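J.: Quick one, fold the following:
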Amino acid sequence: MAEQGPEREIVHLLRKVTVEFGLRQAEFAARNGMHPTDVRALICLLDAGRSGTGATAGRLGAELGLNSAGTTSLIDRLERLGHLTRTRDARDRRRVLLSVTPQAVELGWAAFGPMIGSAEALLRGFDEVEVAAVRRFLLGFHAAVSAKPDQAGGTDRS
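T.: As a prediction, this is how the structure comes out:
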């Protein structure tokens, strides 16, 4: 195994953060009668809303790696729980758009708001160059994690 430098330490810290965040998401899901995939679906829908991208069942299923039946079941469940709505696209009435309800946003903010606030406060202590470096690292790492297995580089997996 190669000697671990500060780069590997940062990757391991990021992994530690993602594992802990995943645990918090699972606890949130269990407390609110959801499956962890339901929470990931709500995050995808919130991200689509922030980017101004219309979220459809097909797009959501693709992002979550679900087949059509699994996606429909997930959407039905979140709709029954009052966490999402389906509306016809005003520009193309054949398309049905999905969006997170204000109730679900409030529920999520109550659970994750303090954590988000802590992260934002931490970042406010960084200068512009440091914030840009964090952004560049996270965007690049996201691209690496999102790459297909045959596109990913690297050899030492520890």
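
J.: Next up, phi/psi of the residue nearest the centre of the chain, please.
T.: In the chain, the residue lying closest to the centroid (CA atoms, centre = their mean) is Ile43, at 4.6 Å. The phi and psi values for Ile43, taken as degrees, to the nearest 10, are phi -60, psi -50.

J.: Name the surrounding residues that touch stretch 69-79.
T.: 34-35, 37-38, 41-42, 57-58, 60-61, 64, 66, 84-86, 98, 104 (CB atoms under 8 Å, 6 or more residues apart in numbering). For glycine as for every other residue, the C-beta is placed from the backbone atoms N, C-alpha and C.

J.: Swap in 10 Å and give it another go.
T.: With CB atoms under 10 Å, 6 or more residues apart in numbering as the test, stretch 69-79 has contacts from 33-35, 37-42, 45, 56-67, 83-86, 96, 98, 100-101, 104.

J.: go on, stretch 97-109?
T.: By CB under 10 Å, 6+ apart, stretch 97-109 touches 25, 28, 31-32, 34, 38-39, 41-46, 48-49, 53-57, 59-60, 75, 78-79, 81-91, 113, 116-117.

J.: pLDDT of the helix ranked longest in the chain, averaged?
T.: Longest helix in the chain, counting residues (DSSP state H): helix 6-31. For helix 6-31, mean pLDDT is 95.

J.: quick one: buried residues of that helix?
T.: Using 16 or more other CB atoms under 10 Å as the test for burial, helix 6-31 gives 25, 28-29.

J.: before we move on, what about stretch 34-47?
T.: Applying 16+ other CB under 10 Å to stretch 34-47 flags 34, 38-46 as buried.
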